[in-house]
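# Provided below are the primary sequence and the corresponding predicted coordinates.
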Amino acid sequence: MLINFADMLSEVRSKKPLIHHITNYVTVNDCANIVLALGASPVMADDCGEVSDIVSVSSALVLNIGTLNKRTVESMLVAGKAANSLSVPVILDPVGVGVSKLRGDSVSEILNNVKISVLRGNMSEIRFLAGLGASSKGVDASDEDGSGNVITGAETAKTLSKNLGCVVAVTGETDFISDGCRTVAVANGHQTLKNVTGTGCMTTSLVGCYCGATRDYFSSSVAGIVTMGIAGELAFKEFELAGTGSFRAGLIDCVSMLDGKTIERMKKISEI
Amino acid sequence: MLINFADMLSEVRSKKPLIHHITNYVTVNDCANIVLALGASPVMADDCGEVSDIVSVSSALVLNIGTLNKRTVESMLVAGKAANSLSVPVILDPVGVGVSKLRGDSVSEILNNVKISVLRGNMSEIRFLAGLGASSKGVDASDEDGSGNVITGAETAKTLSKNLGCVVAVTGETDFISDGCRTVAVANGHQTLKNVTGTGCMTTSLVGCYCGATRDYFSSSVAGIVTMGIAGELAFKEFELAGTGSFRAGLIDCVSMLDGKTIERMKKISEI
Amino acid sequence: MLINFADMLSEVRSKKPLIHHITNYVTVNDCANIVLALGASPVMADDCGEVSDIVSVSSALVLNIGTLNKRTVESMLVAGKAANSLSVPVILDPVGVGVSKLRGDSVSEILNNVKISVLRGNMSEIRFLAGLGASSKGVDASDEDGSGNVITGAETAKTLSKNLGCVVAVTGETDFISDGCRTVAVANGHQTLKNVTGTGCMTTSLVGCYCGATRDYFSSSVAGIVTMGIAGELAFKEFELAGTGSFRAGLIDCVSMLDGKTIERMKKISEI
């Protein structure tokens, strides 16, 4: 499989797709800034009375349940249906889905009413949705599968992808992306990413940018995850001795300065 | 026209005016920090049941519709009317007003019920409110007028200022501020400001700080816009090679270290 | 009195307690990042329908009324009662409590219905709750007691602690922590902390992390306040000439790089 990351990045930067987010208030600023850093344009809007208008001028819709409430879940459903009717891709981040009944019920309702293009979560979240059970410890939780088995991650992504009919991406120490047929593992990234809030949310936003520019949802998922992973590696190299506050700003720095050649040189992808 | 920016900055730093914001959750932290950096004091509060109390101890009220909803628009109306009755200046940022019917209707309702002291937006937003039509692309959208005509920006600001009876400020590559009689162009700023979310919101907050300290709304609008422009120039010089994450922190850095002499030396203002 | 800060920090880092926040949207990202920097795990969730589920897997609950509204106050009550029934410690930050009737009423309702383990505020807020009256100027207001009398701060903390039956911490130029029997003064910190929004909120979150890991609420309050104070001193040394944007990132940096020896060496604590 050949994904041309340099071309995909160029597509984002030339088309500057508008990415509509209905997302949490914890990491929303980071998501907006990383979207701008990549070269796309963010809009965050969650009122039921305007989300359809905004979807209609957007190139992708990102739904993130990090700080969901009844009002915003309703808006997610309205926006998601509008996106489906306009063929705007919908990217879902089921933040902390195993932590509460409300999150489980809300994700079920979204999956039952909205056709998702990409589902991106950590191992706890994806295992929960795959019905495998998982002990979730908060929303910045460990991505480790209990078994530590690499095959498990790939299989989980593949199986859930077939069941839901969308691309499924599981991020963790190794990331797995599957569209049911093809499955790849990504070994980019750095463990310091777990010490900054919102790196998962930002990854989902990056996937949304690539989806909005290219409409190739599998390649976009890989590209978003590889982009964040490389940014983590570069930021760690630069700010290892400084700390996580500088590392966080460094992630945005790296994405804003990233060029296609660097992605192609640093990517660590393998087919499974 | 002579605006003494050094004196205005001193006024803010000695009076430390309290600036009440009803604003969006995307850039609210940046707004609070830039208000503190300039030397004023921020308070963010949006519940209908307390905004009147808070307006009563504030020196200015900033209304920003970035992530509006029915609840917060209601609070904006209550707070705006309370501000009017207490002669507290109201600064309105009509973020993305052309993007949805809800935003258009909400801004109309605010303008019909609250006397605004300063309206600050980008060209798309101000043209929309002037009834000239504009294609808006999100909230961090291009500030470019289709015609690229400098006179158009100045004329739009002047005409809308006369119609609304308030200061109108249009920010973009060149900024225009008019009170209906006087109109100035500001050439400070740097294009990297468009690659960070919230630079428009922060500009509005700075305008609010100067308004709260001096009660001269035209000069305050110029001062807020000049301050942000200079911060952009200085931050770019410092962080050009780092990226937009560092540039963002650099904006706050520069405002916090700014002195009157630097503003007077770097300002690029011309009367039209 | 001997508090072993190095051991307490180790406890946080080995146990990685989950700290549930119902907090404001201004500083929520900083709170999440400083919790991660210390070594704990944050979860922010405010919907009435899920807070009980989340409390049930958390080690501490932080309630912060910075941008309260009727919906979130209701969630605070539900979460607080759930925490009490599960013996999960509750840390309350009464942000700007003197500024509006709504804040006063809400804090009263919380104190009447929820057993608080630690109350942390600035002098204006604590004096207001102690019924001594205080002129509050916003939420990042001066921490100075009108009288400038050190004894007043210690006495206020001690008296309110006895009345409420919880640890009371007053932060300012000098911080005072009392459990009604023991009272200590902390002289760590730097005045630049007042020029960044959320340093009070972050301090409360740090207290929550130590409470969640150790269950010793008095020592945890001292530890959280000492940690923030030392971070302020170190960040100022590093970023004095840069400005408050860098200083803010520096706070997170310093907490993430902090070790027990540094705390023991830099702490400035005295019994009163």
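All right, it came through fine.
# where do the strands of the stretch 1-150 of chain A begin and end?
A:18-22, A:41-44, A:60-64, A:90-93, A:118-122 (DSSP state E, counting those that start in this stretch).
# what angle do the third one and strand A:18-22 make?
Between the axis of strand A:60-64 and that of strand A:18-22 there is an angle of 20 degrees, by axes from the mean of the first three to the mean of the last three C-alpha atoms, to 10 degrees.
# okay, the angle between strand A:60-64 and strand A:118-122?
Going by the same axes, to 10 degrees, strand A:60-64 makes 30 degrees with strand A:118-122.
# is chain C contacted by strand A:60-64?
No: with C-beta under 8 Å from any C-beta of the partner chain as the measure, strand A:60-64 is seen stopping short of chain C, the closest distance being 12.6 Å. Placement of C-beta: from N, CA and C, glycine included.
# chain center to that strand, what's the gap?
Counting by C-alpha atoms, centre = their mean, to the nearest Å, strand A:60-64 is centred 9 Å from the centre of its parent chain.
# what's downstream of the helix or strand containing residue A:152, the next helix or strand?
Using DSSP states H and E, residue A:152 sits within helix A:150-164. Per DSSP H and E, the first helix or strand lying C-terminal to helix A:150-164 is strand A:167-171.
# which neighbours in the sheet does that next one have, and how are they oriented?
Strand A:167-171 pairs in its sheet with strand A:118-122 (parallel), strand A:175-178 (antiparallel), by DSSP bridges.
# need the mean per-residue confidence for it.
Strand A:167-171 carries an average pLDDT of 98.
# tell me the angle of that strand relative to helix A:150-164?
Angle of strand A:167-171 versus helix A:150-164, following the same axes, to 10 degrees, is 150 degrees.
# need the contact partners of strand A:167-171.
Strand A:167-171 has contacts (C-beta atoms under 8 Å, 6 or more residues apart in numbering or on different chains) with A:117-123, A:126, A:143, A:153, A:156-158, A:160-161, A:175-179, A:189, A:200, A:203, A:207, A:217-218, A:221, A:225.
# ok, now which residue in chain A is the farthest from the centroid?
Centroid-distance maximum for chain A: residue A:241 at 28.0 Å, with C-alpha atoms, centre = their mean.
# surely that residue forms part of a helix?
No: assessed with DSSP: H, G, I helix; E, B strand; the rest coil, residue A:241 is coil; it does not lie in a helix.
# that older thread, what's the closest of the strands of the stretch 1-150 of chain A to residue A:252?
Closest to residue A:252 of the strands of the stretch 1-150 of chain A, according to C-beta to C-beta: strand A:41-44, at 12.6 Å.
# what pairs with that closest one, parallel or antiparallel?
strand A:18-22 (parallel).
# could you pull out the helices for the stretch 101-250 of chain A?
Ranges of helices in the stretch 101-250 of chain A, per DSSP state H, counting those that start in this stretch, are A:101-113, A:123-129, A:150-164, A:199-214, A:217-239, A:244-257.
# just those helices: most buried one?
helix A:199-214 (a mean of 29; mean count of other C-beta atoms under 10 Å in any protein chain shown).
# averaged pLDDT, that helix. What do you get?
98.
# orientation of that helix relative to helix A:244-257 in degrees?
Going by the same axes, to 10 degrees, helix A:199-214 makes 10 degrees with helix A:244-257.
# so how far is helix A:199-214 from its chain's centroid?
Centroid separation for helix A:199-214 versus its chain: 5 Å, with C-alpha atoms, centre = their mean.
# now do that helix against helix A:217-239, angle only.
Here helix A:199-214 points in a direction 130 degrees away from that of helix A:217-239 (the same axes, to 10 degrees).
# anything in helix A:199-214 near chain C?
No: Helix A:199-214 is not in contact with chain C by C-beta under 8 Å from any C-beta; minimum separation 10.3 Å.
# who does the lowest-mean-pLDDT helix or strand in chain A touch, helix- and strand-wise?
Counting by mean pLDDT, DSSP states H and E, the weakest-scoring helix or strand in chain A turns out to be helix A:150-164, with a mean of 89. Applying 3 or more C-beta pairs under 8 Å, 6 or more residues apart in numbering or on different chains; DSSP states H and E, we find helix A:150-164 packed against helix A:123-129, strand A:167-171, strand A:175-178, strand A:183-186.
# the longest one close to chain C?
No: shown here: helix A:123-129 not in contact with chain C (C-beta under 8 Å from any C-beta), separated by at least 12.1 Å.
# tell me which other helices or strands that helix touches.
strand A:118-122, helix A:150-164, strand A:167-171.
# give me that answer again for 10 Å
helix A:101-113, strand A:118-122, helix A:150-164, strand A:167-171, strand A:175-178 (3 or more C-beta pairs under 10 Å, 6 or more residues apart in numbering or on different chains; DSSP states H and E).
# as TSV, these with distance to residue C:8 would be great.
Output for those, formatted as TSV (distance: least, C-beta to C-beta, whole Å):
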stretch	distance to residue C:8
helix A:101-113	32
strand A:118-122	29
helix A:150-164	36
strand A:167-171	32
strand A:175-178	35
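# so for residue A:142, what's the pLDDT?
Residue A:142 is assigned 45 on the pLDDT scale.
# likewise for the one 4 residues further on?
What the model reports as pLDDT for residue A:146 is 46.
# residue A:105 reaches residue C:49, doesn't it?
Yes: in this structure residue A:105 lies within contact range of residue C:49 using C-beta atoms under 10 Å: 8.9 Å.
# any common contacting residues for the two?
Jointly contacting residue A:105 and residue C:49 under the rule C-beta atoms under 10 Å, 6 or more residues apart in numbering or on different chains is no residue at all.
# isn't residue A:38 right next to residue A:224, touching?
Yes: between residue A:38 and residue A:224 there is a contact under C-beta under 10 Å: 8.9 Å.
# okay, and the common contacts of the two?
With C-beta under 10 Å, 6+ apart, residue A:38 and residue A:224 have common neighbours A:202, A:205-206, A:208-210.
# nearest to chain C, of those residues?
residue A:202 (12.0 Å; C-beta to the nearest C-beta).
# grab the nearest non-local neighbour of that closest one.
residue A:34 (4.6 Å; C-beta to C-beta, 6 or more residues apart in numbering or on different chains).
# mind listing what the one you found touches?
Residue A:34 neighbours (C-beta under 10 Å, 6+ apart): A:27, A:40, A:42, A:198-199, A:201-203, A:205-206, A:209, A:227-228, A:231, A:251-252, A:255-256, B:197, B:244-245.
# measure it to residue A:101 for me?
Shown here: residue A:34 relative to residue A:101, a distance of 31 Å by C-beta to C-beta, to the nearest Å.
# low-confidence ranges, the stretch 1-150 of chain A, go.
Low-confidence segments of the stretch 1-150 of chain A (pLDDT under 70): A:1, A:132-150.
# beta partners for the residue nearest to residue A:175 when sequence neighbours are not counted?
Among residues not flanking residue A:175 along the chain, residue A:186 sits closest, at 4.1 Å (C-beta to C-beta, 6+ apart). Assessed by DSSP bridges, residue A:186 has beta-bridge partners residue A:175, residue A:269.
# which residues of the stretch 151-272 of chain A lie near chain B?
A:231, A:235, A:238, A:245-258 (C-beta under 10 Å from any C-beta of the partner chain).
# tell me how many other residues surround residue A:131.
Using other C-beta atoms under 10 Å in any protein chain shown, residue A:131 has 10 other residues around it.
# actually residue A:49, not the one I wrote
Residue A:49 has 18 neighbours, counted by other C-beta under 10 Å.
# is it true that it touches residue B:104?
No: using C-beta under 10 Å, residue A:49 is not in contact with residue B:104; the gap is 11.5 Å.
# for residue A:71, grab the count of nearby residues.
16.
# next one: the one 10 residues further on
Using other C-beta under 10 Å, residue A:81 is surrounded by 17 other residues.
# try residue A:77
Residue A:77 has 19 neighbours, counted by other C-beta under 10 Å.
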